[in-house]
Structure formats: C-alpha cells, structure tokens
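Peer 1: can't give you the sequence, but here's the structure:
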C-alpha cells in the first residue's frame, strides 16, 4: 500500500519510519526543496494548491493523509474526488479554525475557556468587556507554536490589537488560571474503534512544546477520554488526533485539537506498544489498531534550533535520539529525544541530563 | 554522517531505519534493481567488484560497512584505500571462510566440533576415517541458509561428495549431538568497548532460521561472552558480530560467526533498549554504544516465502511486523515478526498465534 502525505516535514518522516516495516511506501507533496521526509519516499515538489501535482499524487497512492491542519479546504476537496482522504474534510475544516473548533467543543458539552469571535476592533472591544482581562487573542487560522497570538493584559494592549494581528478573523479567549497543560492522543479506526494513549503533561516555553511526560493512572484520564471520544465520533474521524487541555480546579478545559500525529505523542515511538505514527497508518489503511499501552515510564524533550552533539545524546542511558535531518534555525523543531526508563525516579534523573545538554 | 553499505537487502533496510533517527544518511551498493533498501537511501546499482562505482561510494560516504560476509577481499581492500571500513578486512577474511574461522576458534581455545580441510575426494575419505560419520561437509565459502552443505550419514554418501559440492575447497565437521542452538549477538566499539545481548535460542527448519527466543539469565551467558570476546579482541573487530553455538552436554561448541547484524538479533528492534542495528551504526560511527538490556520477553519469527496478510499479523497483540518489501519467493526471507511481551507465558501464547498464521 502506498500512502500519500501532504507535507514532508518531520511528521511525514516519522510516519514513513513507522510504515516502512508494515510494507507501506510513501509519497510526500511539499513545496520545500529540502523537505526532510524525502529521505524515506518520493518527493513531489509542488505547492499545496497545485492541482496537477495533487492529481499525480492521488493517482499514485491508495490513501492520502496530512502532516498539518492548515491545508486549504480546496486541496482536501480536490483530492477527495480521486482517493480516500483521512482525516476527512470536515475534521480539517473544524480543526483549522479556532472558532469552529471552540464552537464544536461547546456544542458537545466540553468545557472551554470563554471565547468570542472577533471580526473587527469593535468586536474585540465588546468581547474584552464581556470576558475581561487578561485574555488571549489568536488568529482563527494558521497559528502554531505560539505564532499568530497576543496576550492582552492591560486595556492598553487591546488598542489596535486587531490590526496588529493582521486584521484577520480572530478569536478572543478568556485567560485560564491553569495548573497544568495535558494532552490526550487518540486514534480512531475506519470502523469506529477508538483507543487512547495515557494523558501527557506538557511544558511549553515561548509557546513551543519543550517537555512531555506520559502519566500513569492520571485521575482525569477517563474524563479526557470521554471528551475526546465525543469529538472523534462527531467528526467520524479516522486516524490520530491530539487534544490539548488546560488543567483547571481539578478538571479539564479544552484548548485545541490537532487532526494529526502530534509532538506530544512522539514519546510513543519507544514508550508505547504501538506508536502514534504506526497507529495513524493502521487507522487510515484499514488495519486493526495497535495497543496504546505504555512500556516503562517515558518523556520527550524537543530540540529547538539545534540538536546537541549526537555523541553526547547517545551517551545518556535510556535516551533515544530523533534527528529530523533539517537545517538548524532558531525556534525551529529540529529533533527530539525520548527517554524510556524503568521507573519515574530514573526518568526524572535522565530528563535533567538531557536538559543540561540543551541548556549548554 | 553518511553510511555506505555493501548490499541493499533487508539488513541494509533495517540499518537505515535505525540510523535515520540518528541523523545518518545511507547509500547502498547492490547490483539488484529491486534491492529493498533503496526505499531508504541512495541506490548505487553496480556489481561488488565494479571499482568505478566502489570509488563513487567511497567518495560519497564517511564510513563503509557490509550486509553480508561473502564480499570479495579485493572489494574490501579497494574501499579501505579511501574510506574507513568496518568490520575490517581481516574480520571478513576469516568469517567468509569456514576453515579460517574454525582454525581461529581452535587457536583461541574455543571448543568446536572436530573439523578437517577438504581439497580433494582423497582428503575427504581420510577425514571421514578420522572424524567418523555422521558428519557435515560444507563449502569453505559462500554457504548460507543451509546452502552449500551436505550431511554424510552412510559411507555411500561420501562417495563422490567432493564433486557433488562443486569440487571446491570444503570443510568436514564432525556431527555434534546438540541439545539446542544458541547465538550471541555482540557489539564492539572503535575504542574496544564490548557489549553483549542476551543469548538467543534458535530453531531452524531446512537450514533456515525459523524462530529465535531471547533468554533470561542463561547459565551459559558468561561462557558465551568469554568466547565471543576473545574473537572480537583478536580481530580488533568494530560493529555487530553474531556467534552461533551448539549446546552440547551443558556447554558450548562454536558453530560459526557472522560479521554483521544477524537474523537472530532482529528481536532487538523492539525487544532491547538499543537494537543491534543502532548499535552497529553507533560502533562504526564512533558513537557511544547503547544498552543491550532486554525490554520484556521477546521472540522473532521469520516469514519465509511470503508475509501473511498484514491485517492478520497486526491483529495479534504484542506483535510487530517487519515487511522487507521484497518479492515473495519460496525459501526467501521476506519479513519477520517480533513479539515483545510482559512475561514468558504470554510470549509462548503469542508465538503460537503467529505460527498458526505462517502454517496457514
């Protein structure tokens, strides 16, 4: 079976590393000449709206999937004429727009921060009056890793903020005094079977994920699974989806979903029976899902800007390097390390060792 | 770092799957147009004695290694002029020839079956008189998976046997009434550090490996490590080496070595902290070695001739498919499954499930 992937970055690369042992082949459509997934499959170098090359991809592969959610709706609609596309167009439509996303959470009874649609500075002023400050203003589409957003703390911050974010449709979200950020990575098969990985504790820095630690028997696991299950069923979702939550007052408030394999699930390559990458491929290929059970205690640390010396990373016990083969650049995710340890005390010690390399 | 591999079959493929996350790139020199490793790197399609293309490979890569031991001595010597080659020429010279191999074992005080060099039918007749029947006659070079050998049970079998095996240099080995076959996979770094995986119990069928089960606290582990360590140090070996033994009377007798990653070590991909493939690459790249400790209880079953339906293999709990992407052909290794289970009872049950698929 040949899998088409829209996007050829590290997620495509890790999908191919997981799918090759299943006998799958890969083609990546990506305009970047140095797309790092091309080491593992065919690289169709074209823009995401280039219908000639999208058609070529559709003709070559058995199923198409996506590495990112900001793919144009037209691209999905075009591909769907010729080849099965997972996740489906509706899932991408909702996940790509923070207003649709939050509205769906509300419709499904999933708690969220207060939010408002912002189409003008007047809208913003009214919303701030209702929701209060501090609040976070985010573009409805195309934001990631802390980009396309602004924290409003004082009335002064509100002045001209709509123009500052580009005068594009935005959402205002009430500030949530969260005690932690967690994510649930889930997978849903074509036949509707759903499996969940353990909740992951995430730590961000400057809006970019820095550290994920997989939990054991987290008290909010069942609640998170309930919420994520509602979304998966509502969207008739197929594949892996990640759901980010705020922990507030011992409960969960929905932050956002990502309709794809997710950075907070990278630990599953070594840390779970079957990784998020293999499970995504199993789902879209119509294969039985794999076990989401943990193997040991695991954490993932992102390498942002540069990967420390391979010699140094390799010397850390229980450490597994994932180098994305991308050019180093400040703020860019260029690799990660997974730690898989026999117990939590060992894990904490190893995390400190990797952090020391990163901070060097 | 770019790694050159002589041979582009499943071992090259699995090396690349292990090395890509380390940031390594791969080039495979292999005359076969459908060499299955080409999905994961550059394919230089050329004969192993084609010096123009060997030179091209040497110029492109930082280090060269081998997927099989029957590589011509001239190829190794040629490459060594331009680029570091691991394992070294001496290791390949010894491992490729059963007479040199067994003689080295004897020199190092490692017990072996009785053996004799056979250059003619007269040699054979004399050796049979000394060693007795049954005995096994094997070509000194180029034998694998039970090919290039003949079991001599009765005096009639001896008549014309030298011509039957092609009138090429052979070795006669006394028959060993073994109770089991085990192998030890070891890795030695450039600085001489050596690590050993747990002993593996192997079951062959028609001369081809069928099932490998990793042991726990095997009573012969220390003895095996001692023997293998002698060979590694003698050869100043760098990389992974597999040593196959017969279990006889509660001790070990040396069968043969393979100077490369080995089929009986495939379970380490999921079943060990760091796989034989990653450890081979770490060794030849001058990186620190990874842990050879087991993760759970593991076994490997070969898929010979064909891979069962991916749906069926994926449905077995704790089962990890490795499809080599090769054309199916009777007697050909085309894939394997690793089972990694929490305990031995579960492992035994899962082995039976995979065997049922194979025998279908």
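Peer 2: Okay, I see it. Computed from a predicted model, the values in this text were never measured in an experiment.
Peer 1: Please tell me how far the residue nearest in space to the middle of chain A sits from residue A:157.
Peer 2: By Cα atoms, centre = their mean, chain A has its centre lying nearest to residue A:262, at 3.3 Å. Distance, residue A:262 to residue A:157, by Cβ to Cβ, to the nearest Å: 30 Å. For the C-beta atoms, the positions are set from N, CA and C on the backbone; glycine is no exception.
Peer 1: same question, residue A:4
Peer 2: Remark: distance between residue A:4 and residue A:157 (Cβ to Cβ) = 43 Å.
Peer 1: So the two - more neighbours on which side?
Peer 2: More neighbours surround residue A:4 than the other of residue A:4 and residue A:157, with 26 against 17 (other Cβ atoms under 10 Å in any protein chain shown).
Peer 1: pLDDT score assigned to that one?
Peer 2: Per-residue confidence (pLDDT) for residue A:4: 98.
Peer 1: out of everything not next to it in sequence, what's closest to it?
Peer 2: Among residues not flanking residue A:4 along the chain, residue A:61 sits closest, at 3.6 Å (Cβ to Cβ, 6 or more residues apart in numbering or on different chains).
Peer 1: Next: residue A:134.
Peer 2: Excluding the flanking residues, the one nearest residue A:134 by Cβ to Cβ, 6+ apart is residue A:175, at 4.1 Å.
Peer 1: Report the contact partners of the one you found.
Peer 2: Neighbouring residues of residue A:175 by Cβ atoms under 8 Å, 6 or more residues apart in numbering or on different chains: A:113, A:133-136, A:151.
Peer 1: Let me see the domain layout of chain A.
Peer 2: A:2-85, A:114-174, A:180-358 (automatic domain parsing).
Peer 1: Return the distance of the first one from the chain's centre.
Peer 2: Think domain A:2-85. Computed by Cα atoms, centre = their mean, to the nearest Å, the chain-centroid distance of domain A:2-85 equals 17 Å.
Peer 1: and residue A:146, what pLDDT?
Peer 2: As predicted, residue A:146 sits at a pLDDT of 63.
Peer 1: actually residue A:143, not the one I wrote
Peer 2: pLDDT for residue A:143: 67.
Peer 1: Contacts for stretch A:158-174, please.
Peer 2: Stretch A:158-174 is contacted by residues A:98-99, A:102, A:113-121, A:123-125, A:127-128, A:131-133, A:135-141, A:148-150, A:152 when judged by Cβ under 8 Å, 6+ apart.
Peer 1: What are the buried residues along that stretch?
Peer 2: Neighbour-count burial for stretch A:158-174, counted by 16 or more other Cβ atoms under 10 Å in any protein chain shown, picks out A:158, A:161-162, A:165, A:169-174.
Peer 1: can you give me the mean pLDDT across that stretch?
Peer 2: For stretch A:158-174, mean pLDDT is 94.
Peer 1: quick one: the residue nearest to the centre of chain A and residue A:184 touch, right?
Peer 2: No. Counting by Cβ atoms under 8 Å, residue A:184 is not a contact partner of residue A:262; they are 9.9 Å apart.
Peer 1: Where does the prediction get shaky in the stretch 201-350 of chain A?
Peer 2: Low-confidence segments of the stretch 201-350 of chain A (pLDDT under 70): none present.
Peer 1: Check the stretch 51-200 of chain A too.
Peer 2: Flagging of the stretch 51-200 of chain A using pLDDT under 70 yields the residue ranges A:143-146.
Peer 1: Let me see the ranges of the strands in it.
Peer 2: Per DSSP state E, counting those that start in this stretch, the stretch 51-200 of chain A carries strands over the ranges A:63-66, A:115-118, A:135-139, A:149-152, A:170-174, A:180-188, A:194-196, A:200-205.
Peer 1: Could you list the residues in contact with the shortest one?
Peer 2: Under the criterion Cβ under 8 Å, 6+ apart, residues A:184-188, A:221, A:224-225, A:228-229, A:232-233, A:279, A:289, A:291-292 lie in contact with strand A:194-196.
Peer 1: can you check the fourth one too?
Peer 2: Residues from elsewhere that reach strand A:149-152, judged by Cβ under 8 Å, 6+ apart: A:128, A:133-139, A:143, A:157-158, A:161, A:164-165, A:172, A:175, A:207.
Peer 1: again with stretch A:117-131
Peer 2: Contacts of stretch A:117-131 (Cβ under 8 Å, 6+ apart): A:99, A:114-116, A:135, A:137, A:140, A:152, A:155, A:158, A:160-163, A:169-174.
Peer 1: tell me the contacts of the closest residue to chain B within the stretch 201-350 of chain A?
Peer 2: Closest residue of the stretch 201-350 of chain A to chain B, Cβ to the nearest Cβ: residue A:323 (3.2 Å). Contact analysis of residue A:323 by Cβ under 8 Å, 6+ apart lists A:307, A:310, A:334-335, B:21-23.
Peer 1: Residues in a beta bridge with it, which ones?
Peer 2: Beta-bridge partners recorded for residue A:323 (DSSP bridges): residue A:335.
Peer 1: ok, so of the contacts of strand A:194-196, who is nearest residue A:351?
Peer 2: Of all the contacts of strand A:194-196, residue A:351 sits closest to residue A:185, with 19.7 Å by Cβ to Cβ.
Peer 1: Now that closest one. Nearest residue, chain neighbours left out?
Peer 2: Distance criterion Cβ to Cβ, 6+ apart; nearest residue to residue A:185, sequence neighbours excluded, is residue A:265 at 3.9 Å.
Peer 1: Any idea how many residues pack against that neighbour?
Peer 2: Other residues near residue A:265 come to 30 when the count uses other Cβ under 10 Å.
Peer 1: cool, and residue A:191?
Peer 2: For residue A:191, the neighbour count with other Cβ under 10 Å is 10.
Peer 1: what residues are up against it?
Peer 2: If you count contacts by Cβ under 8 Å, 6+ apart, then residue A:191 has nothing around it.
Peer 1: wait, residue A:244 sits on residue A:263?
Peer 2: No. Residue A:244 is beyond contact range of residue A:263, at 10.4 Å (criterion: Cβ under 8 Å).
Peer 1: So which of those two has more stuff around it?
Peer 2: residue A:263 (21 against 18).
Peer 1: correct me, but that one touches residue A:333?
Peer 2: Yes. With contact defined as Cβ under 8 Å, residue A:263 counts as touching residue A:333 (7.2 Å).
Peer 1: Overlap of the contact sets of these two?
Peer 2: residue A:302.
Peer 1: Could you pick out the residues of the stretch 151-300 of chain A near chain B for me?
Peer 2: A:273, A:282, A:286-288, A:290-291, A:295-296 (Cβ under 8 Å from any Cβ of the partner chain).
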